[in-house]
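> Could you look at this predicted model? Sequence included:
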Amino acid sequence: NAGVTQTPKFQVLKTGQSMTLQCAQDMNHNSMYWYRQDPGMGLRLIYYSASEGTTDKGEVPNGYNVSRLNKREFSLRLESAAPSQTSVYFCASSEVPPQSYGYTFGSGTRLTVV
Amino acid sequence: RKEVEQDPGPFNVPEGATVAFNCTYSNSASQSFFWYRQDCRKEPKLLMSVYSSGNEDGRFTAQLNRASQYISLLIRDSKLSDSATYLCVVNWYNFNKFYFGSGTKLNVKP
């Protein structure tokens, strides 16, 4: 089915470990995004990529890096995980402009850092 | 102050009831408005955009009040399947930055 695919779905890390969250979309969307969702906080934008070859910081970029590998794939890397990064991470993509089309989200990655 | 604020609820209503949620936003220059639905432990899904003149999609009606800086969602004839968390989303000045409310939880009971 067309959509946004995230891997892994669940992950437990120890403090200081690193990992990469993968995201791929097959809808030929130009823009891709990484959000985190914490209880009572709403979704907060970590990084986004308006088009292939570009990335920009969102609201909460500290502790994360991203790579827009090609038009389909946008990965999120935690270099040295901290307990504060325990969260649910959603990747999303959109047509341009997203105001007209909204986002399509992946099913999320539940990350726990111990 | 949060950019987007919602009553977390929960709103507990019987099947067939009409229920309404509001969402307030802080930036008067906000340009685009949406309602998303999120089921428990699932991803958010676009429910509807909110247009200046208000808009309807079946049992759902969305309204925008720019003077008071809020948007609303009205659900008529509630179904059990409407039970979910409803997220308000607002965008301003940067087309790539959308601000999400923390959501209003709706429980529709038999």
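All right, it came through fine.

> Past the helix or strand of chain B with the lowest mean pLDDT, which element shows up next along the chain?
The helix or strand of chain B with the lowest confidence, counting by mean pLDDT, DSSP states H and E, is strand B:98-100 at a mean of 88. Next helix or strand after strand B:98-100 toward the C-terminus (DSSP states H and E): strand B:104-109.

> Check what contacts that following strand and list those residues.
B:6-15, B:17, B:19, B:21, B:23, B:75, B:78-86, B:88 (CB atoms under 8 Å, 6 or more residues apart in numbering or on different chains). (Each C-beta comes from the backbone N, C-alpha and C, glycine too.)

> same thing with stretch A:72-88?
Counting by CB under 8 Å, 6+ apart, A:13-26, A:32-34, A:36-38, A:46-47, A:49, A:63-69, A:89, A:91, A:93, A:108-114 sit against stretch A:72-88.

> what about it, start to end distance?
Distance across stretch A:72-88, first residue to last, is 21 Å (CA to CA, to the nearest Å).

> Are any of the contacts of stretch A:72-88 buried, and if so which?
Buried by 16 or more other CB atoms under 10 Å in any protein chain shown: A:13, A:21-25, A:32-34, A:36-37, A:46-47, A:49, A:64, A:66, A:68, A:89, A:91, A:93, A:108-109, A:111, A:113, out of those.

> which residues are contacting the least confident helix or strand of chain B?
Contacts for strand B:98-100 (CB under 8 Å, 6+ apart): A:35, A:42-45, A:98, A:103, B:3-4, B:25, B:32, B:34, B:36, B:44, B:87-92.

> So which of the contacts of strand B:104-109 sit within strands?
Residues of the contacts of strand B:104-109 located in strands (DSSP state E): B:6, B:11-14, B:19, B:21, B:23, B:75, B:84-86, B:88.

> Residues of chain B that sit close to chain A?
B:2, B:4, B:8, B:31-32, B:34, B:36, B:42-46, B:49, B:87, B:91, B:95-103 (CB under 8 Å from any CB of the partner chain).

> Does residue B:4 touch residue B:25 like I think?
Yes. Between residue B:4 and residue B:25 there is a contact under CB atoms under 8 Å: 5.2 Å.

> residues shared between the contacts of those two?
With contacts defined as CB under 8 Å, 6+ apart, the residues shared by residue B:4 and residue B:25 are B:88, B:90, B:99.
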